[in-house]
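Trainee: sequence unknown, structure follows:
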């Protein structure tokens, strides 16, 4: 069993997190939206309301211990082309 961190619970993040959990993996799902976190809390190992741009918050959650982290964002802010 691998440990996954899924950040961003939009359409893609939600489906990826629930699929991985369904395959027997340990999944921590993070989003800033309480509504999105509430919608997935019973479908993954752990669901957390947090800002993934806050390094201290991520450190406190122990995310450096996961095997794979996937950042799923629909925002283009900060992206360069």
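Mentor: Yep, that arrived. Everything quoted here is computed from the prediction, not taken from an experiment. Numbering: from 1, shown residues only.
Trainee: all helices for the chain, in order.
Mentor: Secondary structure of the chain by DSSP state H: the helices cover 11-22, 34-40, 55-61.
Trainee: Of these, which stretch is the most buried?
Mentor: Ranked by mean neighbour count, these are led by helix 11-22 with a mean of 17 (mean count of other CB atoms under 10 Å). For glycine as for every other residue, the C-beta is placed from the backbone atoms N, C-alpha and C.
Trainee: Show me the contact partners of that one.
Mentor: The contact list for helix 11-22 (CB atoms under 8 Å, 6 or more residues apart in numbering) reads 4, 6-7, 9, 27, 29, 31, 36, 39-40, 43-45, 70, 72.
Trainee: show me where pLDDT drops low in this protein?
Mentor: The chain contains residues with pLDDT under 70 at 74-81.
Trainee: how about a cut-off of 50?
Mentor: The model of the chain has pLDDT under 50 over residues 81.
Trainee: just to revisit the earlier point, so which of the helices of the chain is nearest residue 49?
Mentor: With CB to CB as the measure, helix 34-40 is the member of the helices of the chain nearest residue 49 (4.9 Å).
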